[in-house]
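Peer 1: build the 3D model from these lines:
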Amino acid sequence: MSLSLGKTFDRSYNLRLPFLRGFYDIGVYYNKKSSFLLFRVDPDFGSTSKIGTKINMFKNLESSKFCEIFLKLHNYRKNTLDIRNQFTGIKDEYLFDINFIFNETISLFKVELDDKVLFDTLTLYGFCLSSYEDEFAFIIAERQNIVRRLNKKVVRTTGMQIATSSSISILNEFYDERQKSKRNNVQKPKFPLEEVIKLDNEG
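Peer 2: This is a model prediction of the structure:
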């Protein structure tokens, strides 16, 4: 599948991801002067028949069930720093349910701002479900871009999920269990019913 980059992108990073009985060739396209990111995905399964995977991309990681369930995301904003949905870790209760499959950082250049040394980078994180390691992959591409004219670092993330129907089913089970746990943790009113004030004159 050909992809015309145009002027928006001038850099790319490629990786080959094992999946079931084949591979996905994944390209991450970006610009050295921008925080914008784009994924490209090409299947390589030889003569294998259709395997029935679903691929989703997320410009907002908070809209992903996987991220909502398993990951800690960080947001922060001040004059010199603007961070949106930066991955900071796996939630403690799910440390055994998902695994890292890669963690790679590319430094594009170094910038000195206000006596601080900052790096313009692209970081890639890859995760799998422990029980479906060859049927599920979630990739986060994080761009830390230094905007020199504004003396500001901008951090943006984009996500991509590749999953079989079986792994999507187990992900939905995790999601339903988490929603149920949230509902059960909602505290009920502590005052007894007999202390509820009645506004009528009867009884």
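Peer 1: C-alpha only now, for contacts and for neighbours.
Peer 2: Fine.
Peer 1: now do the lengthiest strand in the chain, average pLDDT.
Peer 2: In the chain, assigned by DSSP state E, the strand with the most residues is strand 98-113. Average pLDDT, strand 98-113: 91.
Peer 1: so where do the strands sit in this protein?
Peer 2: According to DSSP E, the chain carries its strands in the segments 11-19, 22-30, 37-44, 53-58, 71-78, 81-90, 98-113, 116-129, 136-147, 152-164.
Peer 1: got the CA positions of the shortest one in PDB?
Peer 2: Output of strand 53-58 as PDB, limited to C-alpha atoms (Å, rounded to 0.1, in the frame of the first residue of the first chain):
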ATOM      1  CA  THR A  53      -7.800  -8.700  12.700                       C
ATOM      2  CA  LYS A  54      -9.200  -5.300  13.500                       C
ATOM      3  CA  ILE A  55      -6.900  -2.200  13.400                       C
ATOM      4  CA  ASN A  56      -7.900   1.000  15.200                       C
ATOM      5  CA  MET A  57      -6.000   4.300  15.500                       C
ATOM      6  CA  PHE A  58      -6.500   6.800  18.400                       C
END
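Peer 1: show me what that strand is packed up against.
Peer 2: Judged by 3 or more CA pairs under 8 Å, 6 or more residues apart in numbering; DSSP states H and E, the packing partners of strand 53-58 are strand 152-164.
Peer 1: pull the number of nearby residues for G22.
Peer 2: G22 has 15 neighbouring residues, counting by other CA atoms under 10 Å.
Peer 1: roughly how far apart are it and I98?
Peer 2: 21 Å (CA to CA, to the nearest Å).
Peer 1: please enumerate residues in contact with stretch 105-112?
Peer 2: Residues from elsewhere that reach stretch 105-112 (CA atoms under 8 Å, 6 or more residues apart in numbering): K32, V117, L118, F119, D120, T121, L122, T123, L124, I146.
Peer 1: one more time with 7 Å
Peer 2: If you take CA atoms under 7 Å, 6 or more residues apart in numbering as the criterion, stretch 105-112 is touched by V117, L118, F119, D120, T121, L122, T123, L124.
Peer 1: same question for stretch 75-85.
Peer 2: When contacts are defined by CA under 7 Å, 6+ apart, stretch 75-85 is touched by residues L61, L73, H74, Q86, N151, K152, K153, V154, V155, R156, T157.
Peer 1: so the second one bridges to which residues?
Peer 2: It refers to L73. Counting by DSSP bridges, L73 is bridged to F87.
Peer 1: so where's the protein shaky on pLDDT?
Peer 2: For the chain, the stretches with pLDDT under 70 are 1-7, 47-50, 186-203.
Peer 1: try it again at 90.
Peer 2: 1-11, 21, 31-37, 45-52, 79-80, 109-118, 147-152, 181-203 (pLDDT under 90).
Peer 1: can you lay out the contacts of stretch 105-112 as TSV showing distance to E68?
Peer 2: Output for these, formatted as TSV (distance: CA to CA, whole Å):
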residue	distance to E68
V117	33
L118	29
F119	28
D120	27
T121	25
L122	23
T123	20
L124	18
